[in-house]
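**Student:** following is a predicted model, sequence given first.
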Amino acid sequence: MKVLIASNLVKYHGGTLKVLSGASLAIEAGEKIGLVGRNGAGKTTLVNILSGVSEPDEGSVELVGGAKIGMTSQSLYAGASANRSVEEEMLSAFEDLIRREQDLKALETKLAEDPSSALLESYGRMQAEFDRDGGYGYRARTASALSSLGFDPEDWKRPVNSFSGGEQSRIALARLLLSEPDLVLLDEPTNHLDLRGIEWLENFVKNARSAVLVVSHDRYFLDAVAESIVELDNNILTRYPGNYTKYVSEKIARDEQLARKAKANHERREQLERFIEKNRAKNTKAKQAKSKQKLLDRMEKIDGPRNGKRGMKLDLSGETSRAGRVVLEMADVSYGYEPGELLLNGLGLTIERGERVALLGPNGAGKSTIMRLATGEIEAKKGIARLGNNVTSAYQDQQLARLEGNKTVLAEAMDATGLDAPETRELLGAFLFSGNDVFKKVSALSGGEKNRLSLAEIVVSGANLLILDEPTNNLDIPAREALEEALLDYPGTLFFISHDRYFLRKLATRIVELDKGKLTNYLGGYDYYRAHRRLDVKEGGRGGRRAPRRRVRPGMDKNQNIVATRLVAVEGEIDATERRVARLEKELATSELYSDGKRSREVVTEHRQLKSILEGLYEDWSELMEEAEEVGL
C-alpha cells in the first residue's frame, strides 16, 4: 500500500534555474528509502515539496488515504513550547496513549465501586487495545531514546529552549520518531549525533512501522537502514534497489552498460552520416542515401552516463618534513572549564609518526578539548601536552572558527597560504570555487563551502601532522570520498575526530575512546574497535586491552596499510568470537546446563552458529594473509 505518490515534479529556482525536472516517486507503507545526491542537487527542495512546506511549479504530491507525514530539517527545532521540559516534549508524542491511560485509571476507580460484568468486559477490551498499541511501553521507549541520544535523567526536567541548537535537533528527532507518523522525512538526521546516537537511530528507523525517506551523506547509516536508494542527479530521480553499497555497484554497472550503448549508437550514427554525405549527390546511390537519412532521423540519440558536477581535487601525497618518532605526547593531562570540575582527568596519549589515530567518544566528553590542547590553543591545568621534534601541524576545528568571515574567499586563502592571486585561484578552483565564487564573503558561505575552503588551505600547508575535528561535516559523498583517498595517500601523521563510520573504517589504524574523562586505547581500526567494544561491554570492561596479533606500523605504503588494517579487524573479530566460543564450551561441559532444556538448546544453537562464523573468519584471514605476502607485509 502506497502512502505517498509524487508525479512529474518540476521546480525552478529564481524562476529560471530548473532544480527538478519531471521527478516522480512512490513510497510504500513501511518502506525505508535513502535519498542521495551532491550538495546543491535539490534534495532539501524535494523533501520540502513532499512534506508540503513548498509547492512544485508543476506536478503533484498525493498523501494516500489521509496518511500522516512528519519531518525534521537541518535547521533548529522551533516547535517546542519555551517552558516545556524535555520529558514533556517527548511524551507529547503519545497524547492518545496518555489519554487512554487516564481513561483506564478512571475505569479502575469505577470497578472498585461497581465490579459488574459489563464494566469488566469494557475494561478488558480497553486494556488489550492499550497493550496492543504499546501503552505499557511508551515511557520506557521515551527513556531509552533520551538516554541513547545523550540526555541524562537530570536533563529531562530542563526546558527545551535551555539546550543548544544541536541538542534541540536531537529532541525534535526523537519526538518525531516516537510519534510514528505514516511517513517520516529526515534531512541529515545524523548531523548532531555521536556514534551511540547514530546507532540508536539506525535501530529505530529499521524497526519503525513508518515509511522513512532519509537524506544522508552517511554511507554506513544508509547501508544499515535503506532498502532502496533514490539518486537525485541533473534534476532527475533514479531509484536503485538495495542499500548504499548495492547502489554504488548497480550504478557502476548501469553506467558501463549505458556507455557501451551510447558508443555503439554514436558509431552507428556516424556511419550513417558518412554514407549520406558521400552518396546523396550520386544518381546510383541517392535513393539509398535518402533511405539512410530517414533511418537516421528516426534513430534515438543515446547519451552516455551523466557525470554531474566535477568533483573536488584534493592531493596530500606531496613530501613533508620528517617528524621525530613521537609526534604528539600527552602525560597526566587534566582540564576543566568550571572551577573544581574536571572534564579531563590524568589523560595519557602518545601518537607516533605515520599513525592515523581516531578519537571517539560521546558528545560533550571533551574530544575537541583534547584537540585544542594538542595544538596549544589552550593549556592544560595539569600535566604536559606537546608536539614532538620537527613536528609542524595544521588544525581544522569543527566550527571552522579560524576562517575570517569579513574576508573574501580569495583574500582568506591568500593570507592563509601565502600564494599569489593566480596560484590561489588555481588552488580554489580545485576545491570548486570558480568564477565570482572567490569574491564571496566567507561569512556568506555554506557549511560545506567553508569546509572545502579550510581543506584547500590545509593542502598547501606542508604540515606533517594533521589534526582534524569532524572533517567530513557538511561534505557530500563525492567530497568525502575525495578526502578519504587524499588522506590515505598522505605521508604524515593524522589525528582526527569523526562520527562517519565509513570514513573511520577506511582510515583509522588506531582508535582512542574518551569517556568520563578517561582514554581507552584500541590497537586496531574501526572493525577491531567494534569487536572489542562489544566484548568490553559483555565482560565488564576487560575488553579493548588485548593487543592484536598483527600491528599497523608507521611507514607502511597505502596498500600495506589497507591490508594490515583489514587483518587487524579480522583478527579482532576472531579474538572476540573465540572468547565467546570458549565461554560457551565451558558452559557446555557443566552438568547443570542440561537440567534447563531451554537454556541448553540456546547454548548449543549459539555455539554452532559461532563455530560457523569462526570458519568464515578463518577463511577471510587466510585470504588476507595471501594478500599480505603480495604487498610485502
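**Tutor:** On my side now, so go ahead.

**Student:** list the contacts of Arg510.
**Tutor:** Each residue near Arg510 by Cβ atoms under 8 Å, 6 or more residues apart in numbering is listed here: 355-358, 521-525, 552. Every C-beta, even on glycine, is put in place using the N, C-alpha and C of the backbone.

**Student:** what of Ile562?
**Tutor:** With Cβ under 8 Å, 6+ apart, Ile562 has these contacts: Leu488.

**Student:** which of the contacts of Arg510 fall in strands?
**Tutor:** 356-358, 521-522 (DSSP state E).

**Student:** okay, and the helix or strand of the protein with the least pLDDT?
**Tutor:** Of all helical and strand segments in the chain, the minimum by mean pLDDT, DSSP states H and E falls on helix 526-538, at a mean of 69.

**Student:** which element follows that helix toward the C-terminus?
**Tutor:** helix 558-588 (DSSP states H and E).

**Student:** in whichever helix or strand comes after that next one, what counts as buried?
**Tutor:** From helix 558-588 onward toward the C-terminus, using DSSP H and E, the following helix or strand is helix 597-630. Neighbour counts over helix 597-630 (16 or more other Cβ atoms under 10 Å) mark 603, 607, 610, 614, 617, 620-621, 624, 628 as buried.

**Student:** before we move on, what about stretch 567-576?
**Tutor:** 567-576.

**Student:** export that stretch as CSV, just CAs?
**Tutor:** Presented in CSV, the C-alpha positions along stretch 567-576 are these (Å, rounded to 0.1, in the frame of the first residue of the first chain):
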residue,chain,number,x,y,z
LEU,A,567,43.9,-8.0,9.1
VAL,A,568,43.7,-6.3,12.4
ALA,A,569,39.9,-6.1,12.1
VAL,A,570,39.5,-9.7,11.2
GLU,A,571,41.9,-10.8,13.9
GLY,A,572,40.0,-8.7,16.4
GLU,A,573,36.7,-10.4,15.4
ILE,A,574,38.4,-13.8,15.6
ASP,A,575,39.7,-13.0,19.2
ALA,A,576,36.2,-11.8,20.3
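
**Student:** contacts only, for Leu475.
**Tutor:** Contacts of Leu475 (Cβ under 8 Å, 6+ apart): 39, 217, 448, 451-452, 483.

**Student:** what's the closest of the buried residues of stretch 567-576 to Leu25?
**Tutor:** Ala569 (37.3 Å; Cβ to Cβ).

**Student:** which residues touch the closest one?
**Tutor:** Per Cβ under 8 Å, 6+ apart, neighbours of Ala569: 524-528, 531.

**Student:** helix, strand, or coil at the residue nearest to Ala365 when sequence neighbours are not counted?
**Tutor:** Among residues not flanking Ala365 along the chain, Leu514 sits closest, at 4.8 Å (Cβ to Cβ, 6 or more residues apart in numbering). Under the three-state scheme (DSSP: H, G, I helix; E, B strand; the rest coil), Leu514 adopts strand.

**Student:** tell me which residue is most central in the protein.
**Tutor:** Asp218 (2.2 Å; Cα atoms, centre = their mean).

**Student:** hmm, Tyr502 and that one touching each other?
**Tutor:** Yes: using Cβ atoms under 8 Å, Asp218 is in contact with Tyr502, at 7.3 Å.

**Student:** what's across from Glu231 in the sheet?
**Tutor:** Val36, Thr238 (DSSP bridges).

**Student:** number of nearby residues for Arg100?
**Tutor:** Using other Cβ atoms under 10 Å, Arg100 is surrounded by 17 other residues.

**Student:** so it lies in a helix, does it not?
**Tutor:** Yes: counting by three-state DSSP, Arg100 falls inside a helix.

**Student:** so who does it touch?
**Tutor:** 126, 129-130, 135.

**Student:** 10 Å instead?
**Tutor:** 94, 126-127, 129-130, 133, 135 (Cβ atoms under 10 Å, 6 or more residues apart in numbering).

**Student:** thinking again about what came up before, okay, and the common contacts of Asp218 and Tyr502?
**Tutor:** In contact with both Asp218 and Tyr502: 244, 472, 477, 480, using Cβ under 10 Å, 6+ apart.

**Student:** out of the residues you listed, who's nearest Gln271?
**Tutor:** The closest of the shared contacts of Asp218 and Tyr502, once distances to Gln271 are taken by Cβ to Cβ, is Ile477, at 39.3 Å.

**Student:** could you check how many residues crowd around the residue nearest to Asp489 when sequence neighbours are not counted?
**Tutor:** Using Cβ to Cβ, 6+ apart and skipping residues adjacent in sequence, the residue nearest Asp489 is Ser317, 4.0 Å away. Close neighbours of Ser317, defined as other Cβ under 10 Å, add up to 12.

**Student:** contacts for stretch 144-158?
**Tutor:** 85-90, 93, 137, 142-143, 162-163, 166-167, 170-171, 173-175, 177-178, 192-194, 196-201, 203-204, 362-365.

**Student:** just the buried subset of the residues you listed, written out for ChimeraX, thanks.
**Tutor:** Buried subset of the contacts of stretch 144-158, written as a ChimeraX selection, criterion 16+ other Cβ under 10 Å:
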select :85,86,87,89,90,93,142,163,167,170,171,173,174,175,177,178,192,193,194,196,197,198,200,201,204,362,363,365
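
**Student:** take the contacts of stretch 144-158 and keep only those in helices.
**Tutor:** 86-90, 142-143, 166-167, 170-171, 173-175, 177-178, 196-201, 203-204 (DSSP state H).

**Student:** hmm, Ile171 and Val86 touching each other?
**Tutor:** Yes: counting by Cβ atoms under 10 Å, Val86 does reach Ile171; the two are 5.9 Å apart.

**Student:** so what sits against both of these two?
**Tutor:** With Cβ under 10 Å, 6+ apart, Val86 and Ile171 have common neighbours 80, 146, 151, 155, 160, 163.

**Student:** distance of the third one relative to Asn363?
**Tutor:** Here Phe151 is placed at a distance of 10 Å from Asn363 (Cβ to Cβ, to the nearest Å).
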